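Undergrad: What would the 3D arrangement of this be:
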Amino acid sequence: MSMKHNKRQRKKLHIGEFQEMGFHATADLSHPLDEAQRDALIDAFLEQCIEANDMLFGGGINRDLDGYIVADGKRKSATDEQRECVRQWLEGRPDFTAVRVEPLTDAWYGHD
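TA: Numbers count the residues shown, from 1 in each chain. Here you go, the predicted model:
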């Protein structure tokens, strides 16, 4: 992508001023959960943290929570404020330990 691109190409490729950022989040479960408990926990996370803060989550909870988070909306980037919301929500739950919220990365190409 070192070649010069015009505005239409940059938009189509999600580069330059059209770059979209997201972040990876993981957390260990503090205790084993059965399927119903995992479903209730992921539902609470999605409703109270992700959707309430205009984000989308690709991932799930099995032995731990693991996923990638982006802003909800076309051509939007996740923000440091949204990263902090996720961190605070996960750290505020007794169900999780070892919470890790990674820095923002390019949601399309996986780099800074």
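
Undergrad: Residue 17 - that's part of a strand, no?
TA: No. Using DSSP: H, G, I helix; E, B strand; the rest coil, the secondary structure at residue 17 is helix, not a strand.

Undergrad: Tell me how many other residues crowd it.
TA: A count of nearby residues for residue 17, using other CB atoms under 10 Å, gives 8. In this view, the C-beta of every residue, glycine as well, is placed from N, C-alpha and C.

Undergrad: pretty sure it contacts residue 5?
TA: No. Between residue 17 and residue 5 there is no contact under CB atoms under 8 Å: 11.1 Å.

Undergrad: List of residues touching stretch 43-60?
TA: The list of residues contacting stretch 43-60 from outside it, by CB atoms under 8 Å, 6 or more residues apart in numbering, reads 25, 42, 61, 65-73, 78, 82, 85-86, 89-90.

Undergrad: again, only using 6 Å
TA: The contact list for stretch 43-60 (CB atoms under 6 Å, 6 or more residues apart in numbering) reads 66-70, 72, 82, 85, 89.

Undergrad: Where does confidence bottom out across those?
TA: Minimum pLDDT across those is recorded for residue 72, with 92.

Undergrad: and that one, what does it touch?
TA: Neighbour list for residue 72: 54-56 [criterion: CB under 6 Å, 6+ apart].

Undergrad: Stretch 41-49: how far from the chain's middle?
TA: Its chain's average C-alpha position is 13 Å from that of stretch 41-49, according to CA atoms, centre = their mean, to the nearest Å.

Undergrad: meant to ask about stretch 51-58
TA: Here the centre of stretch 51-58 is set off from its chain's centre by 8 Å, with CA atoms, centre = their mean.

Undergrad: Quick one: end-to-end distance for it.
TA: By CA to CA, to the nearest Å, the extent of stretch 51-58 from end to end equals 12 Å.

Undergrad: can you offset everything so residue one is 30?
TA: Let's use 30 as the start, then, which means that last one is stretch 80-87.
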